[in-house]
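In: Structure for the following, please:
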Amino acid sequence: MTLELTGEQLKITESRLKRHFPRSLQVYGVRADPIKVLVDRWPDFSVIVFKPVCEQKGDLFKDTVVYATDEAILEETIRKTPVIDWSRYLCFGKTMPCCSFRGFLIIEHGNSLTFYSLLSTWLLQSGLMIIDSSLFCISSGISLSSLDESHIGVVNQTWKFAESDGSVRMIRNMLASYPSCCVLDADAKPVAWILTYMSCAMGMLYTLPEHRQKGYAKILISAMAKRLHAQGSPVYCFIEEENVVSYKLFKNMGFTEDPSYRAAWFSVNEL
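Out: Now for the predicted structure:
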């Protein structure tokens, strides 16, 4: 697993990853941050790894992302090559049963393995519920906007995986590099928001408790979906398996799930 892709190879890889949607979305979507792309072989690769270029300690949340279509080759890659940095967060995506893969990783890394999330992928192909957000904003005295530097603190405080300076730096990078959308109240303070991860997945959807049940989440998803679609980006998200509320929300808005595919986000060493 030593072949790094460049130039025309990356363009060819992008077109091939499209054939595996929605399973390959988390590797296809990587855009703004500097990365290295490695495969087990070329041109018919079975494992592809996107390694972020990490320059500072605060780059902790720049995940290494792995997509595989062959279980045996993936396991061989994990066992025999140094391509994966086990001291960082990783996101694995595959079609094999996650319980089987998790068991393999536990055998390899023992008690140092920490799973954070098991995620399903939801892709919008058609049928988005369209909401007239302009009428909503006029009648409610609120407005839609993008998040900015002054909003990093409140977003970080409400993110369940927040980790001091590491997550603050990650959120700052997300706001500077990728689309975001928020609902502002009459005092121009954000009461609900949605961001975009490096993988181009929508995420961190959150509404302050006192502002829930007002339809803000639907408005944000609709606005973000239109923006991503206009940019030619796939419109999708990851949802944790236990998050029944989000499952229902995104399904009702036209998103569909690939039930055969799961992504797992975890770390191995002390971070």
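
In: May I have stretch 194-211 as CSV, with CA atoms only?
Out: Taking Å, rounded to 0.1, in the frame of the first residue of the first chain, the C-alpha atoms of stretch 194-211 are listed here in CSV:
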residue,chain,number,x,y,z
ILE,A,194,-25.6,23.0,10.2
LEU,A,195,-22.0,22.6,9.0
THR,A,196,-20.2,20.7,6.3
TYR,A,197,-17.3,18.3,7.1
MET,A,198,-14.2,17.8,5.0
SER,A,199,-15.9,14.8,3.4
CYS,A,200,-18.6,17.3,2.1
ALA,A,201,-21.1,15.5,4.4
MET,A,202,-23.6,17.8,6.2
GLY,A,203,-23.2,17.5,10.0
MET,A,204,-23.3,19.1,13.4
LEU,A,205,-27.0,19.9,12.9
TYR,A,206,-28.2,21.4,16.2
THR,A,207,-31.0,23.6,17.6
LEU,A,208,-30.8,25.2,21.0
PRO,A,209,-33.4,23.4,23.3
GLU,A,210,-35.5,26.5,23.8
HIS,A,211,-35.9,27.0,20.0
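
In: mind listing what's buried in that stretch?
Out: 194-202, 204-208 (16 or more other C-beta atoms under 10 Å). Placement of C-beta: from N, CA and C, glycine included.

In: Kindly report the same for stretch 177-184.
Out: Residues of stretch 177-184 classed as buried: 178-184 (neighbour count, 16+ other C-beta under 10 Å).

In: gap between the two ends of stretch 233-242?
Out: Stretch 233-242 has an end-to-end distance of 27 Å (criterion: C-alpha to C-alpha, to the nearest Å).

In: can you list the residues that contact it?
Out: For stretch 233-242, contacts defined as C-beta atoms under 8 Å, 6 or more residues apart in numbering pick out 21-22, 25-26, 28-29, 117-124, 128, 200-203, 205, 224-225, 228-229, 246-247, 250, 255, 262-263.

In: Need the buried ones from those selected in PyMOL.
Out: Typed into PyMOL, the next command selects the buried ones out of the contacts of stretch 233-242 (criterion: 16+ other C-beta under 10 Å):
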select buried, resi 22+25+26+28+29+117+118+119+120+121+122+123+124+128+200+201+202+205+224+225+228+246+247+250+255+262+263
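
In: can you list the weak-confidence ranges in the chain?
Out: Applying pLDDT under 70 to the chain picks out residues 1-2, 30-33, 54-62, 86-90, 92-116, 126-140, 164, 266-271.

In: domains for it, by residue range?
Out: 3-123+263-268, 133-257 (the TED database).

In: Of the buried residues of stretch 177-184, which belong to helices?
Out: When the buried residues of stretch 177-184 are checked against helices (DSSP state H), there are no matches.

In: Output the residues you listed as a markdown table; include the columns distance to residue 241.
Out: Below are those laid out as a markdown table (distance: C-beta to C-beta, whole Å):
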| residue | distance to residue 241 |
| --- | --- |
| 178 | 25 |
| 179 | 26 |
| 180 | 25 |
| 181 | 25 |
| 182 | 27 |
| 183 | 27 |
| 184 | 32 |
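
In: Which single one of these is nearest to residue 79?
Out: residue 178 (34.1 Å; C-beta to C-beta).

In: My understanding was that residue 27 contacts residue 48; is that so?
Out: Yes: using C-beta atoms under 8 Å, residue 27 is in contact with residue 48, at 5.8 Å.

In: anything in contact with each of these two?
Out: 17, 66-67.

In: before we move on, back to that, among the buried residues of stretch 177-184, which one lies nearest to residue 169?
Out: Using C-beta to C-beta, residue 178 comes nearest to residue 169 of the buried residues of stretch 177-184, at 14.3 Å.

In: For the closest residue to the closest one other than its chain neighbours, give me its contacts.
Out: The spatial neighbour of residue 178 that comes closest, neighbours along the chain excluded (C-beta to C-beta, 6 or more residues apart in numbering), is residue 196 at 3.9 Å. With contact set as C-beta under 8 Å, 6+ apart, residue 196 has these partners: 174, 178-180, 202-203, 224, 228.

In: Could you identify the most distant pair in these?
Out: Comparing every pair within the contacts of residue 196 by C-beta to C-beta identifies 174 and 228 as the most remote, at 13.9 Å.
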